[in-house]
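[1] Sequence and predicted structure below; questions after.
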Amino acid sequence: MKSWARAQLLRPALDALLLSTDAPARMRGDPVELPHRYADARDVEVAALLCAALAYGRVDLFKPRLRALLDALGPSPAQVASSSPPEELLRRASGFAYRMTDARDVACLLHGAGAILRRHGSLGACFTGHYRRLGTMRGALGAFVDDLCAPDFRPITGQRSPTRRLKHLLPHPDRGSACKRMNLFLRWMVRGPDGVDFGLWREVPAAELVVPLDTHVHRIGRFIGLTRRKDLSWRTAEDVTQKLRLLDASDPVRYDFALSHLGISGTCAARKDARRCAGCPLKPICRYWAQPP
């Protein structure tokens with residue numbers, strides 16, 4: 001892999017950011033905390049899929065709704081997804097409402113996950129099979145999303161296909177989306193275990209993960225020179241990931257949690273702010289404070 005002179009500046013700054021990030025405290029403001037309540041890997045997978053797919057908007061608004069949804073699914077969300085008829089999935093999800101997402105959307109997601117569980121035994125076995133066959137994370141993710149949307153949804157929607165809003169919850173990389181929430185789900189499943197990510201899917205290499213590109217990682221990435229691209233697209237996610245691979249080829253997305261929470265917490269301002277920027281480990285490499293080499 002080619003060298004990148006700026007990597008020598010970014011690596012120590014990002015390592016310092018990692019060291020300064022209180023992961024247990026930050027998890028309280030992150031949906032990844034919720035799947036950690038389960039011990040069984042299949043339950044972790046299903047809970048993580050729900051939590052990642054429904055994690056849009058403000059975490060203080062969607063996380064309580066996710067918690068209530070998981071409570072409604074009981075101690076084994078995988079068992080509910082794999083063995084319940086669609087009518088029962090609708091009943092279990094009936095209390096969920098968040099912005100544009102309602103119980104039918106959640107029931108469709110559970111129905112799709114249940115079909116995969118019945119056919120493959122686990123979500124990980126399904127995704128890993130696609131990865132082995134296609135050889136790329138983008139291809140495997142697209143096939144996995146297709147599988148989630150493949151069952152007959154007529155008992156839930158009255159038509160063969162799922163709700164139109166499921167495309168928002170499950171964006172497809174072939175449509176150009178950065179697929180932030182699905183790449184977040186993959187980060188949780190593949191890398192680790194480290195107290196945040198679970199490391200359940202050992203046959204999928206962490207080296208091939210694509211950064212879950214949200215507005216925070218994109219904005220900070222532009223500040224520190226990880227990308228010049230202005231759009232939140234799959235191409236931009238790949239651009240940021242390519243730069244991160246030059247910092248750590250075996251685990252390029254290991255900085256994602258810290259970078260994202262630097263923005264979520266409000267510690268990183270959208271503009272130069274002497275007070276808030278004073279103690280930031282990224283200040284020496286930020287375009288507001290230092291000229292790139």
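    That came in fine, so what should we check first?
[2] what's the pLDDT at Lys2?
    On pLDDT, Lys2 comes in at 54.
[3] To clarify, my last question referred to Thr128.
    98.
[4] again with Pro292
    Value for Pro292, per-residue pLDDT: 45.
[5] wait, isn't Leu9 in contact with Pro284?
    Yes. At 7.4 Å, Leu9 counts as touching Pro284 under the criterion of CB atoms under 8 Å. In short, each C-beta sits where N, CA and C put it, glycine included.
[6] of these two, who's got more company?
    Between Leu9 and Pro284, counted using other CB atoms under 10 Å, the more crowded position is Leu9 (17 against 14).
[7] Leaving out sequence neighbours, find the closest residue to that one.
    Distances taken as CB to CB, 6 or more residues apart in numbering place Ile285 nearest to Leu9, at 5.2 Å, with adjacent residues excluded.
[8] now for the lengthiest helix in the chain, which elements pack on it?
    The longest helix of the chain (DSSP state H) is helix 103-120. Packing contacts for helix 103-120, counted by 3 or more CB pairs under 8 Å, 6 or more residues apart in numbering; DSSP states H and E, involve helix 41-53, helix 77-83, helix 86-92, helix 123-134, helix 137-148, helix 154-157, helix 166-169.
[9] quick one, what contacts Gly176?
    By CB atoms under 8 Å, 6 or more residues apart in numbering, the contact set of Gly176 is Ser233, Trp234, Arg235.
[10] How about the secondary structure of the nearest residue to Ala47 once chain neighbours are set aside?
    In space, and not counting its chain neighbours, Ala47 is closest to Pro35: 4.2 Å by CB to CB, 6+ apart. Assigned by DSSP: H, G, I helix; E, B strand; the rest coil, the conformation of Pro35 is helix.
[11] pLDDT value on Pro35, please?
    pLDDT, Pro35: 98.
[12] thought it was touching Val196?
    No. With contact defined as CB under 8 Å, Pro35 does not reach Val196; the gap is 10.7 Å.
[13] list the residues that contact both of the two?
    Trp188.
[14] show me what contacts Asp40?
    Asp40 neighbours (CB under 8 Å, 6+ apart): Ser76, Ala78.
[15] run the last query once more with 10 Å
    Val46, Ala47, Pro75, Ser76, Pro77, Ala78, Gln79 (CB atoms under 10 Å, 6 or more residues apart in numbering).
[16] Repeat that for Gln79.
    Asp40, Arg42, Asp43, Val46, Leu73, Gly114, Leu117.
[17] looking at those residues, which has the most residues close by?
    Of these, with other CB under 10 Å as the count, Val46 tops at 30 neighbours.
[18] my guess is that one meets Ala81, correct?
    Yes. Between Val46 and Ala81 there is a contact at 5.4 Å, judged by CB atoms under 10 Å.
[19] mind showing which ranges of the stretch 1-150 of the chain have poor pLDDT?
    For the stretch 1-150 of the chain, the stretches flagged by pLDDT under 70 are 1-3.
[20] which stretch among the helices and strands packed on helix 103-120 comes nearest Arg229?
    For the helices and strands packed on helix 103-120, proximity to Arg229 was assessed by CB to CB; helix 137-148 is nearest, at 17.0 Å.
[21] Pull out the buried residues from stretch 125-134.
    Ala125, Cys126, Phe127, Thr128, Gly129, His130, Tyr131 (16 or more other CB atoms under 10 Å).
[22] Format those residues as TSV; extra columns: distance to Arg271.
    Putting those into TSV (distance: CB to CB, whole Å) gives the following:
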residue	distance to Arg271
Ala125	47
Cys126	44
Phe127	40
Thr128	44
Gly129	47
His130	42
Tyr131	41
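[23] hang on, the earlier thing: from the contacts of Gly176, pick the one nearest Ile156.
    Using CB to CB, the contacts of Gly176 come closest to Ile156 at Trp234, 29.0 Å.
[24] re earlier: check the offset of the longest helix of the chain from the chain's centre.
    18 Å (CA atoms, centre = their mean, to the nearest Å).
[25] How far away from the center of its chain is stretch 213-229?
    Centre to centre, stretch against its chain (CA atoms, centre = their mean), the figure for stretch 213-229 is 16 Å.
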